[in-house]
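# When you get a sec, could you give me coordinates for this:
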Amino acid sequence: MIGEILQFQDLQELCRPGERPRLSTVEAWARKEGIRYRYDGKGGIWTTAAAMNAALGLHQASNDSYGNDFI
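Just a heads-up that it's a prediction; the model follows:
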């Protein structure tokens, strides 16, 4: 994690602890959990702590923060 950014490796660990799941597995998990994410240009995805908290229901997501191109 870099600051408020959860990198692909962080998401892999959250998706399947102790394993190294493929991108497709992590993407499917993120979609199922309602986690908004972006592609990182290195074959992975990333998200923010705020997007993760919103998906967990800890606070309301703000559409203004990410724009319409977040998945």
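# Enumerate the helices of this structure by residue range, in sequence order.
With helices called from DSSP state H, the chain shows them at 8-15, 23-33, 49-55, 63-66.
# a markdown table for those, including mean pLDDT, distance to residue 42 and mean neighbour count?
C-beta coordinates here come from the backbone N, C-alpha and C atoms, glycine included. Converted to a markdown table, those look like this (pLDDT from 0 to 100; distance: least, C-beta to C-beta, whole Å; neighbours: other C-beta atoms under 10 Å):
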| stretch | mean pLDDT | distance to residue 42 | mean neighbour count |
| --- | --- | --- | --- |
| helix 8-15 | 96 | 7 | 18 |
| helix 23-33 | 97 | 10 | 15 |
| helix 49-55 | 93 | 19 | 18 |
| helix 63-66 | 54 | 20 | 12 |
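# would you list the ones you listed in JSON lines and tack on distance to residue 39?
Output for these, formatted as JSON lines (distance: least, C-beta to C-beta, whole Å):
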{"stretch": "helix 8-15", "distance to residue 39": "9"}
{"stretch": "helix 23-33", "distance to residue 39": "9"}
{"stretch": "helix 49-55", "distance to residue 39": "14"}
{"stretch": "helix 63-66", "distance to residue 39": "13"}
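# Tell me which residue is most central in the chain.
residue 47 (3.8 Å; C-alpha atoms, centre = their mean).
# Return the residues in contact with that residue.
5, 6, 11, 30, 35, 36, 37, 38 (C-beta atoms under 8 Å, 6 or more residues apart in numbering).
# Residue 57: which of those is nearest?
Using C-beta to C-beta, residue 35 comes nearest to residue 57 of these, at 11.8 Å.
# Tell me the spacing between the residue nearest to that closest one when sequence neighbours are not counted and residue 43.
Using C-beta to C-beta, 6 or more residues apart in numbering and skipping the chain neighbours, the partner closest in space to residue 35 is residue 55 (4.3 Å). Plainly put, residue 55 is 22 Å away from residue 43 if you go by C-beta to C-beta, to the nearest Å.
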